[in-house]
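**Student:** Compute the structure for the input listed below.
(chains A and B)
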Amino acid sequence: TQLLEQSPQFLSIQEGENLTVYCNSSSVFSSLQWYRQEPGEGPVLLVTVVTGGEVKKLKRLTFQFGDARKDSSLHITAAQPGDTGLYLCAGSNTGKLIFGQGTTLQVKP
Amino acid sequence: NAGVMQNPRHLVRRRGQEARLRCSPMKGHSHVYWYRQLPEEGLKFMVYLQKENIIDESGMPKERFSAEFPKEGPSILRIQQVVRGDSAAYFCASSHGGQGGEQFFGPGTRLTVL
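**Tutor:** Numbering: from 1, shown residues only, chains lettered A, B, ... in the order given. Predicted structure coming up:
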């Protein structure tokens, strides 16, 4: 059974701080996706990484896929209150997504 | 360019009734996936369908749950004889391609079983 361990589960920081969320597995994934979910809504796709060692940047967000395609990280620089939300990583091999438990981020002004 | 649509957004059923959840994929997408999010738990895969075919139903409970994606019309997730444990948010996602295709999610249907 493929599992994705996401950490930390909860994170509360002050505006302006940096943070990193980790997503780890013992399994190899052909692709990994990061989503953000607001209360009462569906997950919104942020980025997809497919190549080992790949780094993608989306404004203040930097996503990295491990060389072995077993782990990934999301780094946010200078967090803002608008970054508050639930962040989810999800790995894929055969079509279905395997989700991590999620990281609830709170950025206080 | 409409995204994935789900209806109803909220559904209340009494124990023993049937629940039907509908999902219209994004235009041009022929792959549909259903996921369930239980309170305080993560998203869990249920079933993956392509037009008129079930590709992977490894996450579907063995009884009472079924899914279809007909040639015409939305995908339907059907839960017969609902129980309180079925209360959850059910999300549909669609993709253009199959394996590795980016999945885009709908807003979900929140099912409450009384």
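
**Student:** just for chain B, where's the confidence low?
**Tutor:** B:1, B:98-100 (pLDDT under 70).

**Student:** Close to chain A: what parts of it are there?
**Tutor:** Neighbours of chain A within chain B, by C-beta under 8 Å from any C-beta of the partner chain: B:4, B:6, B:31, B:33, B:35, B:42-45, B:48, B:55-56, B:58-59, B:91, B:93, B:98-108, B:110. Where you see a C-beta, it was placed from the backbone N, CA and C, and this is true even at glycine.

**Student:** Of those, which belong to helices?
**Tutor:** With helices defined by DSSP state H, no entry of the residues of chain B next to chain A lies inside them.

**Student:** Extract the residue ranges of chain A that are flagged as low pLDDT.
**Tutor:** Along chain A, the model assigns pLDDT under 70 to residues A:1.

**Student:** 50 - rerun?
**Tutor:** Across chain A, nothing is flagged by pLDDT under 50.

**Student:** Can you give me the neighbour number for the residue of it found nearest chain B?
**Tutor:** Residue of chain A nearest chain B, by C-beta to the nearest C-beta: A:Gly42 (3.7 Å). A:Gly42: 22 surrounding residues under other C-beta atoms under 10 Å in any protein chain shown.

**Student:** Quick check: it touching B:Gly106?
**Tutor:** Yes: contact criterion C-beta atoms under 8 Å: A:Gly42 and B:Gly106 qualify, at 5.3 Å.

**Student:** State the distance from the residue nearest the centre of chain B to B:Asp56.
**Tutor:** Chain B has B:Trp34 as the residue nearest its centroid, 3.6 Å off, counting by C-alpha atoms, centre = their mean. For B:Trp34, the distance to B:Asp56 equals 11 Å [C-beta to C-beta, to the nearest Å].

**Student:** from what I can see A:Cys89 touches A:Cys23, true?
**Tutor:** Yes: A:Cys89 is within contact range of A:Cys23, at 3.6 Å (criterion: C-beta under 8 Å).

**Student:** all strands of chain B, in order?
**Tutor:** Applying DSSP state E to chain B gives strands spanning B:5-7, B:10-13, B:19-24, B:31-37, B:43-50, B:53-56, B:65-68, B:75-79, B:88-95, B:104-105, B:109-113.

**Student:** What helices and strands are in contact with the second one?
**Tutor:** In this case it means strand B:10-13. Applying 3 or more C-beta pairs under 8 Å, 6 or more residues apart in numbering or on different chains; DSSP states H and E, one finds that strand B:10-13 contacts strand B:19-24, strand B:109-113.
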